[in-house]
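Peer 1: Coordinates for the following, if possible.
(chains A and B)
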Amino acid sequence: MKHKQQITPPRWADWLLELYCKEEFIEEIQGDAHELFERRSEHSAFKAKARYVWDVLRFFRPQNIKTSKKLNSNFINMTRNNFKVAARVLWRQKVNTALNVFSISIGIACFILIGLYVKQETSFDNFHMEKDRIYRAWVKEVYADGRVFFNTHTPLPLGPTLAENIPEVEAIVTIGDNPTLVGRGDGRIADNFQIVTPNFFDYFDFEVLEGNKDKPLPNRSSVVISESYAKKYFGDKSPINEALPLQIDNETRDYIVSAVLEDTPLNSGIQYNILISDENNDLLYSPRMFNAWFSIIVETYAVLKEGVSPEHLSPKTKSMIKAQLGGMDPFDGAPVEDHYLVGFQPLQSIHLDPEVPVANYPVGNPQYVYILGAIGFLVLVIACINYATLSIGQSIKRAKEVGVRKVVGAQSSNLIWQYLSESLLIAILATFIGVLFTLWALPVFNQLAQTNLAFELNLETFTQLAGLTLAIGLLSGIYPSLILARFKLIKILKGSNLSAGKQLARKGMVTFQFLLTIFLISTTLIMKKQLNYLQSSELGYNYDAMVSVPLYSQPNSRGIGQMVSSAMENGKMLKSELSKHPNISDFGMGSHVFGTPGWWQLGFEASTGNYLQFDLLMVDPYYLDAFKIEMLEGVGFDPALDIHKTQGVILNQAAVEYFGFDNPIGKKLPGNDFGDHQIIGVAKDFNYESLRESVQPLVIVQNPIPILDGIMDTNSGDSVIPKLVFRYSGNSLAEVGMVLEKAWGGLFPGEELNFHFVEQNLQNQYENEARVNKIVTIATVLSILIASFGLLGLTILMVNTKVKEIGIRKVLGATPKTILGILLSQFTWQLVIAMLLSIPVTWYLMSQWLSDFAYRTAIGVDPFLLSAGLTMALVLIVIGFHAVRASKINPVKALRVE
Amino acid sequence: MKGTYLGEFEELVLLTVGALHPQAYGVAIMDEIKEETGRSVNISAIHSALRRLDEKGFVRSEMGGATNERGGRRKRFFELTAFGKKALDEAQSVRMKLYNRIPDISIGQS
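Peer 2: This is a model prediction of the structure:
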């Protein structure tokens, strides 16, 4: 017996029970449990213990759990009570609540969508572990005569020299971007490859999915491809150790796939499909280039040692340049290192820094990111103002409640919390609905705005959403709750008029809301107007139904001259094949086509010693006629005249002005080293590049050799290999493709056919603007929706408070029109003030935006008239609907209300 | 009315409380149910049923005197209230009424 006595239930289980169980129940619960334990322990001590633990766990029920002292504090209880009361109040005012929740959730959805876009744009390149140490080098040549060459493409020797001479540089990664043809024989595909130092993978965190993970590029004949490229080229079989033929310097070589890399992340500045090692540089560049400091070729990224800031490196780069280039500048005798600057740009700022030029990859426009961010925020503000104005409107109804609460001892702070819990509750609901709304609308948004955004619900977004909810709840609720809490007790209980002071604030907020709405509408309209202007303005040439086809040079052609003439030959063959078709006419060939950027840019030292720059267009004699470009003076190219072919030069007006000719015909360009040439005509200015720029000086030739002889610098973003252009006058656009494919397939079966409509290219130039305009339009529509919800709420409120007035007026013979007038009069002034204020604001901001364009539309009055009209119509519809309803109510009913 | 509904298990517990009077406490009720119906019930289930019945006013309870059992812990004895008795009566009468309406014709034999 004694032995049995010693068996006790596990002490920790008892302790656990005592920990959670309410004190009033502990005795009976523990008693019953112990009784059972004693009974069971007669059979098996172990089982009894196990059962005891089980019982303790089973007693863990809400009704038995003690409410902790901490949880029992006044604060927690009041908060719980506040939320309970808030939920009841919101439930009672269903219409109001629905309007509030709905408008805030639309605001939130809009905010999230735009926020995603902004986040993607601002998060570029932030996924690399070493992002804070990686800098992209730039070189800047500044000369006394005003020439500035600022580039982030850098000379080949820069990388190795930096690594050798600057101890703070831990490593150098270079990335070159070059065109190639992939494949052999039939169906070669044009693509770009990146030529990188093998340590690229050590510093940039692109995940290797398959293959050699330690050294993705082990030797010069290995190639790394992206996942989607592997799919495209090799299908479903594993590409590892397969051969990928790449044409490099006119010779096709097999590269062995050594690794597959993840696809370029959406927010990566560096884009790749095919990567090979820079050991292949000797195939691409002549030995001379490895010491050429004035030919810019690759992007050079410097990984600096921990804690080094790039500003401190400038004395070292200066002395490095001095050691490399040495001596004095041949032109003005100043030390070279003062002209030739090397600097560093942080990796993460590349995407949104308009000050530094673009190199291999396109970047974003920070201005648009700011504009959109601001608009997303404004829409949210409009929604929050809705809540504030509606709550203030309701406050009179709640005055009695406030009075009673104050009488029983509520402090202002208690009341503030009480009303804040209402707004918080609304915010929580609205965020929830808003997130659902976002998930639903994201694909639509992506399609409309041509973006590729993803909304992931992870811990980070949850925290951000929670923060957003809190901010919305507090910001939208703080003002109404302050007003309610400040009600004077005596006044409330005496029933005197409470509405005096806060009217102004409320009216102000409504005005502000109108202002924002009108501003957004006018902004959208002005942007649209500019876009239409850009797309419909007279460019100086006829691009209707013009098709451009990039031509190929024979693979064995060497040097730019041969490649051009070989492509021209191919073009002639294609032309004679296509000209059999009745609907195809107006052929021409030229080195560049309208709507594509990066025309050939040349610079030379004029006889006067000035440095002059111009663009060069190389054409066949039919090109200008095909585009119907008008001549101002002299003649165009005559196909029959050999002298035109070898020596003829046509200038545009801008060039005539720039070179300072009075009577250019028969003259020569003002340089010393040009070959034999003669200006035969002047073409009317035509906008060959984007309308952001004004027309640059342009020189048009058939034979570029005499011009190329006299120049110092050349730069071309686009290939100068000729393109064939022609006009298609048929109706079926699909037919163009078919006709072209047939002709092309017969002539060049091994090459890939590409063709574009010039009009399409011209539109693509303004793709960014069009996208921003679409996003702004979406935001505007949503803000109109939100504002009309707010207006609707206010009108309902007003009608409710004026029920008696309307009733009496009706008895005295008021028509619905009078009643509409009364209701409208409440908003007229606010609307008028908002319209007036919106004009200067919009005017100023949109002029800023428009100043980016060399060619821009006048803002004019029509956007303002239109947006004012739209807003007025909106107000009329929302209020009119209610006025009709209010005026239909039987006055007897209205007057009986007490 | 919210809260006055008598669930099946609650009814069973309530009946047992009545039957065991005046010795109805947690473990005894559990044993009785086991004995009468064969149902094994966890003691915590009995407690929560009793607490619900208490909230609904069907039972009342008081602590018994201290004993040497259970480490000196007292028992909480439950007894039916008049309201509880009435609820049982109602449940019983509804049942009987329906039961009596079952036709006398032989059931289970064809």
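Peer 1: Partner strands of the one helix or strand A:Leu724 maps to and their direction?
Peer 2: Assigned by DSSP states H and E, A:Leu724 belongs to strand A:723-728. Strand A:723-728 has the following strand partners under DSSP bridges: strand A:546-550 (antiparallel), strand A:584-590 (antiparallel).
Peer 1: Name the SS class of the nearest residue in space to A:Gln63 that is not next to it in sequence, please.
Peer 2: Using C-beta to C-beta, 6 or more residues apart in numbering or on different chains and skipping the chain neighbours, the partner closest in space to A:Gln63 is B:Arg51 (5.5 Å). Backbone N, C-alpha and C define where each C-beta goes, glycine included. Three-state call for B:Arg51 (DSSP: H, G, I helix; E, B strand; the rest coil): helix.
Peer 1: on that earlier part again, CA-only coordinates of the strand holding A:Leu724 in PDB, if you can.
Peer 2: Taking C-alpha atoms only, strand A:723-728 is exported to PDB below (Å, rounded to 0.1, in the frame of the first residue of the first chain):
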ATOM      1  CA  LYS A 723      17.200  47.300 -95.000                       C
ATOM      2  CA  LEU A 724      14.800  46.900 -97.900                       C
ATOM      3  CA  VAL A 725      11.700  49.000 -97.700                       C
ATOM      4  CA  PHE A 726       8.600  48.800 -99.800                       C
ATOM      5  CA  ARG A 727       5.000  49.900 -99.800                       C
ATOM      6  CA  TYR A 728       2.200  47.400 -99.700                       C
END
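Peer 1: how far out from the middle of the chain is that strand?
Peer 2: Averaging C-alpha positions (C-alpha atoms, centre = their mean, to the nearest Å) puts strand A:723-728 34 Å from its chain's average.
Peer 1: per-residue pLDDT, residue 46?
Peer 2: Using chain A here. We note a pLDDT of 87 for A:Phe46 in this prediction.
Peer 1: Hmm, no, I was thinking of chain B.
Peer 2: 91.
Peer 1: quick one, what contacts A:Asp676?
Peer 2: By C-beta atoms under 8 Å, 6 or more residues apart in numbering or on different chains, the residues touching A:Asp676 are A:646-647, A:706.
Peer 1: Then A:Pro597?
Peer 2: Neighbours of A:Pro597 in contact, by C-beta under 8 Å, 6+ apart: A:689-690, A:717-718, A:765.
Peer 1: hmm, back to that, format the strands paired with strand A:723-728 as TSV; extra columns: mean pLDDT.
Peer 2: TSV is the format used below for those (pLDDT from 0 to 100):
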stretch	mean pLDDT
strand A:546-550	89
strand A:584-590	89
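Peer 1: ok, and which of those has the densest surroundings?
Peer 2: Mean neighbour count (mean count of other C-beta atoms under 10 Å in any protein chain shown) peaks for strand A:546-550 among the strands paired with strand A:723-728, with a mean of 23.
Peer 1: What lies in contact with it?
Peer 2: So strand A:546-550 is in contact with A:574, A:586, A:593, A:626-627, A:719, A:721, A:723-728, A:736, A:740, A:744, A:753-759, A:761, going by C-beta under 8 Å, 6+ apart.
Peer 1: and if you look at stretch A:91-108?
Peer 2: Contact with stretch A:91-108 is made by A:90, A:379-380, A:382-384, A:386-387, A:390, A:394, A:426-427, A:429-435, A:437-438, A:468, A:472, A:476, A:782, A:785-786, A:789-790, A:792-793, A:796-797, as judged by C-beta under 8 Å, 6+ apart.
Peer 1: How far off centre is that stretch?
Peer 2: Per C-alpha atoms, centre = their mean, the centroid offset for stretch A:91-108 relative to its chain is 30 Å.
Peer 1: Report the buried residues of it.
Peer 2: A:93, A:96-97, A:99-108 (16 or more other C-beta atoms under 10 Å in any protein chain shown).
Peer 1: Quick one: the helices in the stretch 401-550 of chain A, in order.
Peer 2: A:412-449, A:459-485, A:489-494, A:502-536 (DSSP state H, counting those that start in this stretch).
Peer 1: Okay, buried residues for the third one please.
Peer 2: Neighbour-count burial for helix A:489-494, counted by 16+ other C-beta under 10 Å, picks out A:Ile492.
Peer 1: Kindly report the same for stretch A:215-225.
Peer 2: Within stretch A:215-225, the residues that count as buried by 16+ other C-beta under 10 Å are A:216-217, A:220-225.
Peer 1: any idea which of these is closest to A:Gln826?
Peer 2: A:Ile225 (67.0 Å; C-beta to C-beta).
Peer 1: three-state assignment of that closest one?
Peer 2: Taking three-state DSSP, the label given to A:Ile225 is strand.
Peer 1: Does it touch A:Ile274 like I think?
Peer 2: Yes. Between A:Ile225 and A:Ile274 there is a contact under C-beta atoms under 8 Å: 5.5 Å.
Peer 1: so what sits against both of these two?
Peer 2: A:Leu244.
Peer 1: For chain A, what's the nearest residue on chain B?
Peer 2: B:Arg73 (3.4 Å; C-beta to the nearest C-beta).
Peer 1: so that residue makes contact with A:His34?
Peer 2: Yes. Look at B:Arg73 against A:His34 with C-beta under 8 Å: they come within range, at 6.7 Å.
Peer 1: State which one residue of the stretch 701-850 of chain A is found closest to chain B.
Peer 2: Counting by C-beta to the nearest C-beta, the stretch 701-850 of chain A gets nearest chain B through A:Asn800, at 33.3 Å.
Peer 1: Around chain A, pick out the residues from chain B.
Peer 2: Proximity of chain B to chain A (C-beta under 8 Å from any C-beta of the partner chain) is limited to residues B:25-27, B:42-45, B:47-48, B:51, B:63, B:69-71, B:73-76.
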